[in-house]
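Test case, fold it:
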Amino acid sequence: MRYSNLELVDRVDAFPNAATHPIAFAERTADYARFTYLSHTIGYIIPLVRAALDDRALSGDWWELTPNTVSLKGDTVEERTANMAETTKRWREAKRFDILSGWRNEQYTVYAPQGKPCFHMERSATPLFGVLTYGSHMTVYVPASPTRPLRIWVPRRAAGKSTYPSMLDNTVAGGMGDGATPLATIIKEAGEEASLPAAYVAENVRAAGFVSYFYVRGAEAGGEAGLLQPEIEYVYDMAVGEPDAEGPVPVPCDGEVAEHMLLTVPEVREQLALGNFKPNCAAVMLDFFVRHGFLDAENEPDIVEIYTRLHRRLEFPTRCNNLHKL
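Presented below is the predicted three-dimensional model:
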């Protein structure tokens, strides 16, 4: 199968948008529970997970449950964090959800209105509650010269990874845990995944906005299919010299990457069309193409929908009130 650019967006932004497709949204969420805090929606919970919350013997008395809503008890960030931790710990010990077999001991922040933390929770459990998560992605590229076209460093994920094995990725990418900033995440991941020196990255990386989407996890993501994963990925670019001259060259470091390939834009486009990129990395690559003039209204009839969908206005409180005004 070959994918159009819009079909690549459909793969990563698969949840109906309440603002643009209200009927589809209503039909999709008819049997979902809204995860709320102070009347604000902070996530969506599918029936499979709601059933676990209804099992008080397993989930405890840390939840306020109505037919259509779920909220976490606790008057403080610390209390809510502890209640969420106890719930997910019990689920993990009971092997209630396969996704928790990938437990990372890494905390993510879920935000309340005005960018304030609502609670913190285990990263692997976030899709169970459909809460908004964050990451940083960087595209490292060699600019065009009089004799060579622009080329992009593209890594192939290790075959042994539990999620998206052997698929293509952005040059550097990682989730953003508690206390981390987007730039600090990129600098850390650049060293761990690609052996890129921190000082070099800090000096040469350039912020390029973000992409946002609402992903519905499939089997290739690991764990239960159908779990919800809205995300904001902060996007960075970094131009480097020719690998046979100025460098630096990305080199696998932590076992998560099998190889790095230096591909031309047509070669990357072909891999995208074949569906070989991890879905959210395809979104970041399309955003790179738009920003660098490789994808525009002259060669892509769906450019308006593609660009709009890659920068979706999400209905959840975010870590920065002005995120969607940047």
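
what's the weakest-modelled helix or strand in this structure?
Between all helices and strands in the chain, the lowest mean by mean pLDDT, DSSP states H and E belongs to helix 56-59, at a mean of 83.

Ala158: neighbour count?
Neighbour count for Ala158, taken as other Cβ atoms under 10 Å: 15. Glycine gets a C-beta too; all of them are placed from N, C-alpha and C.

got a list of what it touches?
165-166, 255-258 (Cβ atoms under 8 Å, 6 or more residues apart in numbering).

coming back round to it: next SSE downstream of the least confident helix or strand of the chain?
strand 63-65 (DSSP states H and E).

circling back to that earlier point, Val201: which of the contacts of Ala158 is nearest?
Val257 (16.1 Å; Cβ to Cβ).

Identify the bridge partners of the closest residue to the closest one other than its chain neighbours.
Leaving aside its sequence neighbours, Val257 sits nearest to Pro155 (Cβ to Cβ, 6 or more residues apart in numbering; 4.5 Å). Note on Pro155: beta-bridge partners by DSSP bridges are His260.

what helix or strand does His137 sit in?
Short version, using DSSP H and E: His137 is in strand 133-142.

And for Ser145?
Applying DSSP H and E, one finds Ser145 in no helix or strand.

The residue nearest to Val257 against Tyr164, yeah?
No - Pro155 lies out of contact with Tyr164 (Cβ atoms under 8 Å); the separation is 11.7 Å.

Comparing these two, which residue is more hemmed in?
Pro155 (24 against 18).

Can you show me the helices along the stretch 1-150 of the chain?
Remark: helices assigned in the stretch 1-150 of the chain by DSSP state H, counting those that start in this stretch are 5-12, 22-28, 47-54, 56-59, 77-93, 126-129.

go on, the stretch 201-326 of the chain?
Using DSSP H, counting those that start in this stretch, helices in the stretch 201-326 of the chain cover 265-273, 279-291, 303-310.

Now the first one: average pLDDT?
For helix 265-273, mean pLDDT rounds to 98.

Which of the helices of the stretch 1-150 of the chain sits closest to Leu38?
Nearest of those to Leu38, taken as Cβ to Cβ: helix 77-93 at 11.7 Å.

Report pLDDT for Thr308.
At Thr308, pLDDT is 96.

From Asp287, how far out is it?
12 Å (Cβ to Cβ, to the nearest Å).

How about Ala82?
38 Å.

Met167 reaches Arg156, doesn't it?
Yes - using Cβ under 8 Å, Met167 is in contact with Arg156, at 7.5 Å.

Not counting residues beside it along the chain, what's closest to the residue nearest the centre of the chain?
Centroid check for the chain by Cα atoms, centre = their mean gives Glu231 as the closest residue, at 4.5 Å. Sequence neighbours aside, Thr133 is the residue nearest to Glu231 in space, at 5.4 Å (criterion: Cβ to Cβ, 6+ apart).

Check whether that neighbour really touches Leu228, as I assumed.
No - the criterion here is Cβ under 8 Å, and Thr133 misses it with Leu228 at 10.7 Å.

so where's the chain shaky on pLDDT?
320-326 (pLDDT under 70).

wait, isn't Val265 in contact with Phe294?
Yes - at 5.5 Å, Val265 and Phe294 qualify as touching, with contact defined as Cβ under 8 Å.

Packing partners of the least confident helix or strand of the chain?
With contacts defined as 3 or more Cβ pairs under 8 Å, 6 or more residues apart in numbering; DSSP states H and E, helix 56-59 has these neighbours: helix 47-54, helix 77-93.

So what angle separates the directions of the longest one and helix 47-54?
Relative orientation of helix 77-93 versus helix 47-54 (axes from the mean of the first three to the mean of the last three Cα atoms, to 10 degrees): 110 degrees.

Just the C-alphas of helix 77-93, formatted as CSV.
The C-alpha atoms that make up helix 77-93 are tabulated as CSV, following Å, rounded to 0.1, in the frame of the first residue of the first chain:
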residue,chain,number,x,y,z
VAL,A,77,-1.1,17.7,43.3
GLU,A,78,0.6,15.4,45.7
GLU,A,79,-2.6,13.6,46.8
ARG,A,80,-3.8,13.2,43.2
THR,A,81,-0.4,11.9,42.2
ALA,A,82,-0.4,9.4,45.0
ASN,A,83,-3.9,8.2,44.1
MET,A,84,-3.0,7.8,40.4
ALA,A,85,0.2,5.9,41.4
GLU,A,86,-1.6,3.5,43.6
THR,A,87,-4.2,2.8,41.0
THR,A,88,-1.7,2.1,38.2
LYS,A,89,0.5,0.1,40.5
ARG,A,90,-2.4,-2.2,41.4
TRP,A,91,-3.3,-2.6,37.7
ARG,A,92,0.3,-3.4,36.9
GLU,A,93,0.6,-6.0,39.7
